[in-house]
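[1] Kindly generate the corresponding structure for this input.
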Amino acid sequence: MAYVRPVSSALACAVVSLVLAGSGGGAAETAPSLSPAIAKVAEKLRDEALAGTKAYEIVRSLTFEVGPRSAGSAGDPRAVDWAAKKLAALGFQNVRAEPVEVPHWERGRNAGTILSPWPQTVALTALGGSAASPAGGVEAEVLGVANLEELKKLDPAQAKGKILFVSNHMEKKPDGSGYGAAVGVRGVGAAEAAKKGAVGLLIRSVGTDSNRLPHTGAMRMTEGEATVPAASLSAPDSDLLEGELASGQAVRFRLELETKRFPNAPSANVIGEIPGRDAGTPKEEFIVLGAHLDSWDLGTGAIDDGAGCGIVIETARRIGQLPPAERPRRTIRVVLFANEEFGLSGAKAYAEAHAAELSRHVAAAEADFGSGKVYRIKTRINPAALPAFGPIAEIAKPLGVEFSTANDSGGGADLSPMVPGHVPVIAFDQDGSTYFDIHHSANDTIDKIDPKDLDQVVAAWTGVIYAVAAGDLELRPAPAPPERE
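    Just a heads-up that it's a prediction; the model follows:
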């Protein structure tokens, strides 16, 4: 899970023109409600998935056979190879790797030490994209601020020559909404610190655990913008540093980051399809099921986003096993995106490469929130289609899943470049109570996944996605997503 970045205005204009040409720019025609025949198959798929799926097995294969797979690293091409072979082995058609160029940054050795008033070694890790410290590290007095807003308001005379420490805590919420309020400093803090004349940045990990395991995550990189070496402290070590600062004595710190930046590297979006009955005809339409293939390097990327890969692959695989008479007419396309974590390279490349057919993308869903159970379905579809979508969402109700009619889902980072194409979004909101305890840390390993929870997620996805793929409900064009702070 990473920042959503803006799409180029040229691509946006091109896609909007194509979509309006294909849809007439007007409201969707009222389509029939869910038919009994489609509902029966959807419910069968739901119940069979709840009884047991291969999703956990898929995640285990990815995390054991590939492991960490950050953009440009040695694990990146191994992941692409794994994905192409896995999709082919599971019966997907039209399997291919569509080339994407990705950034390449590596962590190296990271260390931090409070030198005074009470010496302590701390647990920290570099933020993704951070500059390296000078040889031997950077040593300076620490100046603490509560949040990004305070950092921005600092007098440069106060900050010059210091290491800045931002101590804001992320609030723990089941829907993960505390992340947005806390993550801004990770993105732009190093650049803001450089503007103030600081020599380094420390932030409290953007996470909700109390482990001595720091969380990494991407900085926002702007060409030519100055930054400082930047790292996140584990929660207990952030408390420790806060305590030393609260003593009123001067606190000195040594920050050592041996990070390296390399030229961009080749990678790929890996795509596989379950062809619908209309495949190969002018009427062919697509439903995209997306997850990201890359991960950070500290753990093995089980919840972020191995779980998502398992969810979308297994959902499509189960639909693909139906007998010909029950196969949906719309094609289900699984897209395992390259480099979500460090700039949405794969998502942008997909929207660019498939701009001419985005008007035939009838829906998209993204899995990038771990393995917690689905508790709610949200959408961003043509408002005229919302009443008819209700019975489809009800397929997941026996699983404890409610349907929100707010119709304001963001959809997910890797779907964001398709926003100008007005591609409808179906979101399966998952319980994220513990997601940010693990996210972007060395603790992101497969033992954190409950296979039965993963089965419940696949059950919800499979029933609903099948009903959309098999029916004729027109969900296009989707409105623009709401503005988020």
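
[2] Glu139 contacts Arg252, doesn't it?
    Yes. At 6.6 Å, Glu139 and Arg252 qualify as touching, with contact defined as C-beta atoms under 8 Å. Any C-beta I mention is one placed from the backbone N, CA and C, and that applies to glycine too.

[3] Quick check: neighbours shared by those two?
    Leu115 (C-beta atoms under 8 Å, 6 or more residues apart in numbering).

[4] Show me this protein divided up by domain.
    Partitioning the chain according to automatic domain parsing yields domains covering residues 9-104+263-470, 108-258.

[5] So for stretch 473-485, what gets flagged as buried?
    Judged by neighbour count using 16 or more other C-beta atoms under 10 Å, the buried positions of stretch 473-485 are Leu473, Glu474, Leu475, Arg476, Pro477, Ala478, Pro481.

[6] can you put those in CSV and add distance to Pro387 and secondary structure?
    Shown next, in CSV, are the buried residues of stretch 473-485 (distance: C-beta to C-beta, whole Å; DSSP: H, G, I helix; E, B strand; the rest coil):
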residue, distance to Pro387, secondary structure
Leu473, 10, coil
Glu474, 13, coil
Leu475, 12, coil
Arg476, 16, coil
Pro477, 17, coil
Ala478, 16, coil
Pro481, 21, coil
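
[7] ok, so of the residues you listed, who is nearest Arg220?
    Nearest to Arg220 among the buried residues of stretch 473-485: Pro481, at 19.7 Å, using C-beta to C-beta.

[8] Name the nearest residue to that closest one, ignoring sequence neighbours.
    Distances taken as C-beta to C-beta, 6 or more residues apart in numbering place Gly410 nearest to Pro481, at 5.2 Å, with adjacent residues excluded.

[9] just Glu244 next, same as before
    Going by C-beta to C-beta, 6+ apart, Glu244 has Val251 as its nearest residue, at 4.9 Å.

[10] contacting residues for that neighbour?
    Per C-beta under 8 Å, 6+ apart, neighbours of Val251: Ile114, Ser116, Pro117, Glu141, Val142, Leu241, Glu244, Leu245.

[11] now, among these, which is nearest to Asp278?
    Closest to Asp278, out of all of these and judged by C-beta to C-beta, is Leu241, at 59.8 Å.

[12] what's that closest one in contact with, if anything?
    Ile114, Val122, Val142, Gly144, Phe165, Ser167, Leu202, Leu233, Val251, Phe253.

[13] In terms of pLDDT, where does the residue located most distally from the centre of the chain sit?
    Largest separation from the mean C-alpha position in the chain: Gln249, at 41.3 Å (C-alpha atoms, centre = their mean). For Gln249, the model assigns a pLDDT of 98.

[14] again, but for Glu483
    Reading off the model, Glu483 has pLDDT 76.

[15] Likewise for Met221?
    On pLDDT, Met221 comes in at 83.

[16] check contacts around it.
    Pro103, Gly129, Gly343.

[17] do the same with Ser167
    Contacts of Ser167 by C-beta under 8 Å, 6+ apart are Gly144, Val145, Ala146, Arg204, Ser238, Leu241, Glu242.

[18] I'd like the distance between it and Gly372.
    28 Å (C-beta to C-beta, to the nearest Å).

[19] for the stretch 101-250 of the chain, what spans make up the strands?
    110-116, 120-122, 124-126, 138-145, 163-166, 200-204, 230-233 (DSSP state E, counting those that start in this stretch).

[20] Can you tell me the closest non-neighbouring residue to Asn443?
    Leu213 (5.4 Å).

[21] right, and that neighbour touches Leu233 too?
    No. Using C-beta under 8 Å, Leu213 makes no contact with Leu233, being 10.8 Å away.

[22] who's more crowded, the two?
    Leu233 (26 against 22; other C-beta atoms under 10 Å).

[23] Which residues are in contact with the closest residue to that one other than its chain neighbours?
    Using C-beta to C-beta, 6+ apart and skipping the chain neighbours, the partner closest in space to Leu233 is Leu124 (4.9 Å). The contact partners of Leu124, taken as C-beta under 8 Å, 6+ apart, are Asn110, Ala111, Gly112, Leu202, Pro214, Ala231, Ser232, Leu233, Ser234, Asp237, Leu255.

[24] try 7 Å
    Asn110, Gly112, Pro214, Ala231, Ser232, Leu233, Asp237 (C-beta atoms under 7 Å, 6 or more residues apart in numbering).

[25] Turn the buried ones among the residues you listed into a named ChimeraX selection, would you?
    In ChimeraX syntax, the buried subset of the contacts of Leu124 is picked out as below (16+ other C-beta under 10 Å):
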select :110,112,214,231,232,233,237
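
[26] lowest confidence element among the helices and strands of this protein?
    Least confident element among the helices and strands of the chain, by mean pLDDT, DSSP states H and E: helix 9-23 (a mean of 38).

[27] Only alpha carbons, please: show the helix ranked longest in the chain as CSV.
    The longest helix of the chain (DSSP state H) is helix 451-470. Extracted as CSV, the C-alpha positions of helix 451-470 are listed here (Å, rounded to 0.1, in the frame of the first residue of the first chain):
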residue,chain,number,x,y,z
PRO,A,451,-6.3,-19.3,6.2
LYS,A,452,-10.0,-19.3,7.1
ASP,A,453,-10.1,-15.5,7.1
LEU,A,454,-8.6,-15.6,3.6
ASP,A,455,-11.3,-18.1,2.5
GLN,A,456,-14.0,-15.8,3.7
VAL,A,457,-12.5,-13.0,1.6
VAL,A,458,-12.4,-15.2,-1.5
ALA,A,459,-15.9,-16.3,-0.8
ALA,A,460,-17.2,-12.7,-0.9
TRP,A,461,-15.1,-11.8,-3.9
THR,A,462,-16.0,-14.9,-5.9
GLY,A,463,-19.8,-14.7,-5.5
VAL,A,464,-20.0,-10.9,-6.3
ILE,A,465,-17.5,-10.8,-9.1
TYR,A,466,-19.1,-13.8,-10.8
ALA,A,467,-22.5,-12.1,-10.6
VAL,A,468,-21.1,-8.9,-12.3
ALA,A,469,-19.2,-10.9,-14.9
ALA,A,470,-22.2,-13.2,-15.8
